[in-house]
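# with the sequence up front, the predicted model follows.
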Amino acid sequence: MTEHVTHVSHPLVQHKLTLMRDQNTSTAVFRQLLREISQLLAYEVTRELPMTTKRIDTPLEPMDAPTLDGKKLALVSILRAGNGLLDGILELIPSARVGFVGLYRDEETLKPVQYYFKVPTEIEDRLVIAVDPMLATGNSSVAAIDLLKQAGARNIRFLCLLAAPEGIARMKEAHPDVPIVTAAIDSNLNEKGYIVPGLGDAGDRMFGTK
Ligand code: URA
């Protein structure tokens, strides 16, 4: 991908996102919309995957038909909200390998601390798509990508639903080689680190917690 940030302005994505932002949208509908939107975003983030051809026989004649090249890609969910994007993408790319990064914020240092990290083998040879619905301050996203790079990942893309300008700037500074795909770039962060206008706490909204 050539752009650092790709804003997916497709009407279906924008319509679904509006429904998700609405505070009157139920947990069940929110989850379903997230699943649908994740597939539309996955379509965009995988647009330039390397291709090759393989010889097949159609009922009429042999042909060299296009097929994906290289190792199976790795989807990495940044817990816990990343899991909401995972299921839909896996429906579209069922052979993808899956990893998880768990981070929490140390309330004294305010720095992200790792509590879980498991990624597929041969990560260095795979396209890695890290998923987290909300790119807010960028602290956890940057830390997750740091960990992925330490594990050997070299070709990483970041997929989110909403991004704040602050988070995009932070990612660009720390990881200019990681393209971002997002459904929207919102106005700003509030004093609590929420994206405004945003959609609230993505994890709470998809899992029905508070
Ligand atoms: N995480 C969320 O779930 N929502 C925000 O607005 C910011 C971070």
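Right, received. Where do you want to start? Numbers count the residues shown, from 1 in each chain.

# which parts of the protein sit against the ligand?
81, 134, 136, 193-195, 198, 201-203 (CB under 6 Å from any ligand atom). The C-beta positions use only the backbone N, C-alpha and C, and glycine is treated the same way.

# which ones among those residues are found in helices?
The helices, defined by DSSP state H, take in 202-203 from the residues of the chain next to the ligand.

# mind putting the residues of the chain next to the ligand in JSON lines, pLDDT and neighbour count included?
Compiled in JSON lines, the residues of the chain next to the ligand are given as follows (pLDDT from 0 to 100; neighbours: other CB atoms under 10 Å):
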{"residue": "81", "pLDDT": "93", "neighbour count": "23"}
{"residue": "134", "pLDDT": "96", "neighbour count": "27"}
{"residue": "136", "pLDDT": "95", "neighbour count": "25"}
{"residue": "193", "pLDDT": "91", "neighbour count": "15"}
{"residue": "194", "pLDDT": "94", "neighbour count": "17"}
{"residue": "195", "pLDDT": "96", "neighbour count": "27"}
{"residue": "198", "pLDDT": "98", "neighbour count": "20"}
{"residue": "201", "pLDDT": "95", "neighbour count": "14"}
{"residue": "202", "pLDDT": "95", "neighbour count": "25"}
{"residue": "203", "pLDDT": "94", "neighbour count": "17"}
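
# which residues touch the longest helix anywhere in the chain?
Secondary structure of the chain per DSSP H: the longest helix is helix 27-45. The contact list for helix 27-45, computed with CB atoms under 8 Å, 6 or more residues apart in numbering, reads 1, 6, 8, 10, 12-13, 16-17, 19-20, 25, 84-89, 91-93, 129, 131, 133, 157, 159, 161, 181-183, 205-208.

# the residue of the chain most remote from its centre: which element?
Distance to the chain centre peaks in the chain at residue 60, reaching 40.4 Å (criterion: CA atoms, centre = their mean). Residue 60 is part of no helix or strand, with elements assigned from DSSP states H and E.

# which of the helices or strands spans the residue lying closest to residue 45 once chain neighbours are set aside?
In this structure, residue 45 finds its nearest non-sequential neighbour in residue 181, 4.5 Å apart by CB to CB, 6 or more residues apart in numbering. Using DSSP H and E, residue 181 sits within strand 180-182.
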